[in-house]
Each structure stands twice: as C-alpha cells, then as structure tokens.
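Novice: sequence first, then the predicted structure, then my questions.
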Amino acid sequence: MYKRYHELVANINRWDHEYYVLDNPTVSDAQYDQVFHELLAMEAEHPELITPESPSQRVGAKPIEEFQKIEHSVKMLSLANAFSLEETYSFFEKAAKELDRSPASLALFSEPKLDGLAVSIHYEHGLFSYAATRGDGAVGEDVSHNIKTIKSVPLKLATDQPPAKLDVRGEVFMPKAAFAKLNRLAEKSGSKRFVNPRNAAAGTIRQMNPVCAAERDLQFIPYGIGEYRGDTEFTTHSEIIAYLAALGFRKNPHCYALSGSFDALAANYLVMEQARATLPMEIDGIVYKIDELALQIALGFIARSPKWAVARKFPAQPVVTQLLAVDFQVGRTGVLTPVARLSPVFVGGVTVSNATLHNMDEIDRLGLCIGDSIEIHRAGDVIPKIVKVVAQGDGRKPILMPEHCPICGAAVARTVGQAAFRCTGGLGCAAQAAEHIRHYASRKFMNITHLGSKLIELLYNNGTIKTIADIYTLKPGDIAELEGQGEKSAQNVLDSIEASKATKLEFFIGALGIPEIGEEGAKAIARHFKNYPAIADATLDELMLVPDIGPVMAKNVVGFFSDARNRAIIAAIIAAGVTWQDGQGDVAQEQILAGQTWVLTGTLSVPRNEAKAMLERLGAKVAGSVSKKTSCVVAGRDAGSKLEKAVALGVKIMDEEAFLQAYAEN
C-alpha cells in the first residue's frame, strides 16, 4: 500500500508537469481522473500516508480569515521602465559606461514581461514552504493557500539534491483562454466581469478561499531567485532560468540572448512585438537583463530598481472615441486644468470616460474642438491621454478658458511666460482653501506645530475651517470629537495656535501663499516696506524697487492685496491677535557684504539657517553652489566638493572660527 501510494503521487505530479509546464500531456483525462480518485480514496482511508507533495494538498487548506504579513529575506525590487528604443539603449549605455566597457560588449538576456502578479515562493529542502506577494518590496502577504493550487508550481522540486533554501521569484498570471472562460461564466451568473487578465489573477490570489483559486487555471513562470542556499553555482542569469526549469518550473517562451548594441535591441523588439499576439498570455513589454551575475553585483541598485535590468514597455493600444465636453478643474494652487469628457470607451483594460488635457497650449497643439473624433491611449498603460484628432465633428465648438473661476467666480489670469491659467481668488477660493491652510500653518511660516495636514483635512472636510482665519476660531470640542483626537490633543493644537500668534512680518507675508512669493521674496518685501499697511498698499512701481522682486512677483502681490476677500481674511487674523513688530527684518548691522555672494559648506557649530541669517544681516546673498561669482566660502568640518571647487576657482575661503569672529566684530 505504501509503495502504491507513492507511485500514485509520483505519477500524478509527473502528469501535471507534462500538462501544465511542458504543454505535452501523455495520458487521457479519463486515466488521470481515475488515478486521482484512487489517490483520494487511499488518503481518506489512511490519512497517515498523506505527504506534503501529494497533489491533493493543492486545495487542502481551509479558507483563511486574514492575510498574514511576511518579511522578504531578500527585497523584491521593481524595474525601471523604458518607453522607446532610445531609452532602452541609453539605460545600457549608462551601465556600460559605469563598467568601463561598450554597450555592444554586454551580454543581455531578454524575456517577455508577463502582465501578472509578482510573488515569492519559498522551498525548504525541496518542499514547498510558503508564498508571498511582493507588497511594498520589503513586506508582502502570505498567499500560500492559493499559490499551492497552481498546477505549474511544484510542491516538491524535481531533484534528488535540493537546496536547503530556495526563494523563487516569478509572475502569477491568467492565460488568455482562462480569462475568456472566467468572464463567460461571470456573464451567465450575472456577476461582475474582470477588466483584464492581470486584475483577474491578482483578485484570485487575494481570495480567502483556495477552492476558488483552484478553479481559475492560474499559471506561474519564474523570472529569478531571491534567497538561495544550495551547492549549485551560477555565473549568469540564463543559468538560473535553466536551473529552475530543471527543478520543474515552466519556462518563459521567447527568451533570447543578445548584445546591448542598438541594432540588437531594435531587432529583438520587432521579434517580440510580432510574437505578442501569438502568446497564450498577456505581456506588456520585454525585460532586458545583463546576463553576467558578476556585472549585476558590480552595478548594484538605485532606489528600488536594479541598474542592470530594465523593462521596455510596449506602446499603449490606441482607440477612437468622441470628445463630448471639456470641464475645468481648479487645483489646490489655483491652476485651472482642462479635463476632457469622452464618450466611454474600453482601452487598456479599463473603461475610460475622462482624460486630462494638461493646459490650453496642449489643446491648441492638438487643434482640438468639442465634437471631434479623437484617438486616445493610456500613457504608460496608466493615464488616459488624447493623442490626436482623427476627424473633425459636425458643429464642432472651440474650447475656451473661462474668464472667471468656476468655484469662486474670481478672475482667471495667465501668468506671463507660463502655460498655466490661475484663479486670482486667493484666500477666498474654496478649491484652494485646504492647501492655503496647510501652507499657512507649515513650519517655515506660521509654525503651528500640532496642526498637521491630516487634521487640517478633517477640519476642512467637515466645514469647521474654511479659510486661514478660521484657525483662530477653533474650540477644544472642534478637535477633541474627531476620530483619533482627544482633549489633550485638542489642547496641544490650541496651544500651538496661540504660540504662533507672535511672529515676524516676513513669516506672515510668506504664509499668505501669494503666487511666486516664497521665503526669500517675503523676506525681501518685509525688510523693504517694514510694515503690513505699506505692503498691502504698495504699487507695482514701488514693489519693483525691492531687491530680487521681478515684474511677475510684483504683479502677483498687487493683485493679491487688491482682492477685498483677501484683505478681509487678513483683517480677521489680525483681530484674532496675530502680531509682529513693525520694522522687524530691518537690518541693524551695517551692510558690509552687500552685493556679495557667499556659500556655506561642511558641518558648522551653529545651525545652517542661523549662519545663513547672520550673512544676510550683513547684506550677503547666500547661494547653494560655488561659481566664479562666489565672493567667499565658509568651510566647516568635513567640507567636501564645494570646498574643492572653491580651491580650484581661486575663491576666498574662511573657516567657521574666523567667520564667527568677523561677525562678532561687526
């Protein structure tokens, strides 16, 4: 009986491998079913015989209640994307340069980029242990119960000398035929259809019940390994792929060896583009990897992507639809963005009814009018984009930028030299209010330390605060009753609001969010005019006299204070007790460094901002980089490239001790 049981297990696993991995079945369905039923009967009568590699264990688990988190022993990284032949070649050109060799000398390995879900499958001493999704690359979710149901995933590796540990990285996907079948069944049952095979595969893997996953004919193809503790040594990626195939995994079709030359990449792309439609699974591009593992190690990684592999994405498939209308959305900074309303169309796996038009320059470039037939695609297979006008519609209407903000009714103006049109409503525009409040309360301006972005969002969404002036009307109950808050949190917020009331004029002007007026602009204006009424009533010509304030900035300041709503909000803030000293920011020290540019580098004993302020009090402009125009460099401990450049250019250098002594003397 023991011998017969293991014979049944071995036969069924071999037949599964032949059918699901090799696409070469050697027994009929009837014979397979007969043997499988014999196995199930034997296990039911003698459960002590059941082994982990038994095919019955693929759906032997009970439904889970929640997904457990699993930390990857080796991070699962994502790939950089390239959308053209030139970008692909440039990627390997950079890699070759870092390796001090030519792109043509690089041996590459290309494989179809499967459009599925990346998973990590772990084996211990040849037996399936667990499987996890990629998650954020460092931590994924345990999906072992569903991965075990995939017939192309071996429960036991096909080797007599298995590695102690093996982490197989690959893609779970749903073949085109299985996807079509799944949606036919959905139609019959009246349930929701999946939009594409990738969503179907991902949705299946996240099912709690493995019986459902077992019915959907998912497949798995590996693309590499993570953790590995075994005796076999590899020198190339292609050797790893061959090793995994020998262990019983399915091979990715249409894998090729090629060089990194421009012509080789171009020829390979044409081959894969033609093969795309013939493949039984969906692919959305080609993955190119430097084959030699030693070179992979030498190149390493940048951010979350390897410097030795890139995904060349296929272009999005275009479709034609009609432009029905154009709406204008007002962003958090007041910029109006045209949004196309389309006759709904299915593209790239989703139904698209809206598309961004970016700005009026883009509309003019396309020659677009309402009523036109247009071609769209999903840029990078993600963002819907209008590519061109296919045919002009009957009675087509021009697309015009509104003269007034659709939210607050304020005038809409275009900044000279910019593509963007902006609402001039400022503090009184509801679309911009939440962003204005965040900006006003930020650390570098009013510094309301306990009024963070999340709390602002909650208070704004429930209507408690609608403008920056409403910050000063908050009561303890407004905050304490919110989710995640309490009486102590509320008091901390109110205390930080009270503490922020004593400020500097330059901080307050910067906090108002006047377009183009940041920290430096606000500081220059405050120092020049010395009090708020003078700033609010300043003319364009008067503002143009302020150092570093150009015509666009000056026009924005005049426009901001010309709006009665802005002035009313500021008046309410001042009435709430926000104060500053008139003349604050006027420099008492002699401007002995006026007209000079200084640079700070290295580690200083005083905070960098304080050192910068000291130089500015003496009239210097503080820059972030060294050039021939630099007057002096103050070098602290461990000064690096800026100090080296100063030496090379012959720029004056002063150590921190000398700088502090000179400042004290002035």
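Specialist: It's in. Numbers count the residues shown, from 1 in each chain.
Novice: hmm, N11 is touching Q34, no?
Specialist: No - judged on C-beta atoms under 8 Å, N11 makes no contact with Q34 at a distance of 11.2 Å. All C-beta spots, glycine's among them, are computed from the backbone N, C-alpha and C.
Novice: neighbour count: those two, which is higher?
Specialist: With neighbours defined as other C-beta atoms under 10 Å, N11 and Q34 compare such that N11 has more, 17 against 11.
Novice: contacting residues around G334?
Specialist: By C-beta atoms under 8 Å, 6 or more residues apart in numbering, the contact set of G334 is 422-426, 429, 431-432, 515.
Novice: if you could redo that for A431, that was the one I meant.
Specialist: By C-beta under 8 Å, 6+ apart, the contact list for A431 reads 330-332, 334, 405, 407-408, 423.
Novice: mark which of the residues you listed are buried, thanks.
Specialist: Buried members of the contacts of A431, counted by 16 or more other C-beta atoms under 10 Å: 330, 334, 405, 407-408, 423.
Novice: now, those that are in helices?
Specialist: Taking DSSP state H, every one of these sits outside helices.
Novice: just the ones of those in strands?
Specialist: Judged by DSSP state E, the buried ones among the contacts of A431 include 330, 423 as members of strands.
Novice: any weak-confidence spans in the stretch 501-650 of the chain?
Specialist: Within the stretch 501-650 of the chain, the set of residues satisfying pLDDT under 70 comprises 582-590.
Novice: for it, what spans make up the strands?
Specialist: Residue ranges of the strands in the stretch 501-650 of the chain, as given by DSSP state E, counting those that start in this stretch, are 597-601, 621-623, 632-635.
Novice: can you list the residue ranges for strands in the stretch 351-500 of the chain?
Specialist: Using DSSP E, counting those that start in this stretch, strands in the stretch 351-500 of the chain cover 373-379, 383-391, 412-414, 421-423.
Novice: from the rest of the structure, what touches the last one?
Specialist: Taking contacts as C-beta under 8 Å, 6+ apart, the residues outside strand 421-423 that touch it are 330, 333-336, 359-360, 401, 405, 407-408, 410, 412-415, 429, 431-432, 515.
Novice: any of those buried? List them.
Specialist: Neighbour-count burial (16+ other C-beta under 10 Å) applied to the contacts of strand 421-423 gives 330, 334-336, 359-360, 405, 407-408, 410, 412-413, 429, 431-432, 515.
Novice: now do the strand or helix carrying N81: everything it contacts.
Specialist: Applying DSSP states H and E as the criterion places N81 in strand 80-82. With contact meaning C-beta under 8 Å, 6+ apart, strand 80-82 is reached by 88, 90-91, 285, 305, 309-313, 380.
Novice: now, among the residues you listed, which is nearest to Q161?
Specialist: Q161 has its nearest neighbour among the contacts of strand 80-82 in A309, at 29.2 Å by C-beta to C-beta.
Novice: can you report how many residues lie near that closest one?
Specialist: Neighbourhood size, A309 [other C-beta under 10 Å]: 23.
Novice: need the contact list for it.
Specialist: Applying C-beta under 8 Å, 6+ apart to A309 gives the contacts 79-80, 287-290.
Novice: and I448, backbone torsions?
Specialist: phi -90, psi 90 (degrees, to the nearest 10).
Novice: what's the local residue count around the closest residue to it other than its chain neighbours?
Specialist: Among residues not flanking I448 along the chain, A441 sits closest, at 4.0 Å (C-beta to C-beta, 6 or more residues apart in numbering). With neighbours defined by other C-beta under 10 Å, the count for A441 comes to 24.
Novice: quick check, A441 in contact with D470.
Specialist: No - applying C-beta under 8 Å, one finds A441 not in contact with D470, separated by 11.7 Å.
Novice: now tabulate the strands of the stretch 351-500 of the chain in CSV and tack on distance to L40.
Specialist: Formatted as CSV, the strands of the stretch 351-500 of the chain follow (distance: least, C-beta to C-beta, whole Å):
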stretch, distance to L40
strand 373-379, 46
strand 383-391, 50
strand 412-414, 72
strand 421-423, 70
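Novice: any stretches of the stretch 51-200 of the chain with poor pLDDT?
Specialist: Counting by pLDDT under 70, the stretch 51-200 of the chain contains low-confidence residues at 59-65.
Novice: doesn't T321 fall inside a strand?
Specialist: Yes - with DSSP: H, G, I helix; E, B strand; the rest coil as the criterion, T321 is part of a strand.
Novice: in three-state terms, label the nearest residue to Y223 once chain neighbours are set aside for me.
Specialist: In space, and not counting its chain neighbours, Y223 is closest to G170: 5.4 Å by C-beta to C-beta, 6+ apart. Following three-state DSSP, G170 is assigned to strand.
Novice: try the one 10 residues further on
Specialist: Here A180 is recorded as helix under three-state DSSP.
Novice: what's the neighbour count on it?
Specialist: Neighbour count for A180, taken as other C-beta under 10 Å: 12.
Novice: same deal with A132?
Specialist: 24.
Novice: can you check T232 too?
Specialist: Using other C-beta under 10 Å, T232 has 12 neighbouring residues.
Novice: which element is it on?
Specialist: Using DSSP H and E, T232 is not contained in any helix or strand.
Novice: surely it meets A246?
Specialist: No - with contact defined as C-beta under 8 Å, T232 does not reach A246; the gap is 9.6 Å.
Novice: quick one, helices of the stretch 401-550 of the chain?
Specialist: For the stretch 401-550 of the chain, applying DSSP state H, counting those that start in this stretch gives helices covering 430-441, 453-461, 476-480, 487-500, 505-511, 519-529, 532-536, 540-544.
Novice: of all those helices, which one is nearest Y123?
Specialist: Set against Y123 and scored by C-beta to C-beta, the helices of the stretch 401-550 of the chain come closest in helix 453-461, at 43.0 Å.
Novice: need the CA coordinates for that closest one. PDB is fine.
Specialist: The C-alpha trace of helix 453-461 is given here as PDB (Å, rounded to 0.1, in the frame of the first residue of the first chain):
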ATOM      1  CA  SER A 453      -2.000  68.000   7.200                       C
ATOM      2  CA  LYS A 454      -4.300  65.100   8.300                       C
ATOM      3  CA  LEU A 455      -6.000  67.200  11.000                       C
ATOM      4  CA  ILE A 456      -6.400  70.100   8.500                       C
ATOM      5  CA  GLU A 457      -8.100  67.800   6.000                       C
ATOM      6  CA  LEU A 458     -10.500  66.500   8.700                       C
ATOM      7  CA  LEU A 459     -11.400  70.100   9.900                       C
ATOM      8  CA  TYR A 460     -11.800  71.400   6.300                       C
ATOM      9  CA  ASN A 461     -13.900  68.400   5.100                       C
END
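Novice: can I get the contacts of strand 80-82 in TSV with secondary structure?
Specialist: Output for those, formatted as TSV (three-state DSSP):
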residue	secondary structure
T88	helix
S90	helix
F91	helix
G285	strand
S305	strand
A309	strand
V310	strand
A311	strand
R312	strand
K313	strand
G380	coil
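Novice: can I get the buried ones among those residues as something I can paste into PyMOL?
Specialist: In PyMOL syntax, the buried subset of the contacts of strand 80-82 is picked out as below (16+ other C-beta under 10 Å):
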select buried, resi 88+91+285+309+310+311+312+313
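Novice: which one among the contacts of strand 80-82 gets closest to G452?
Specialist: Comparing the contacts of strand 80-82 against G452 with C-beta to C-beta picks out S305 as the nearest, at 31.4 Å.
Novice: neighbours of the nearest residue to D655 once chain neighbours are set aside, how many?
Specialist: Counting by C-beta to C-beta, 6+ apart, D655 lies nearest to A635, which is 5.8 Å off, once chain neighbours are set aside. Per other C-beta under 10 Å, the neighbour tally for A635 reads 24.
Novice: fine, thanks again, bye for now.
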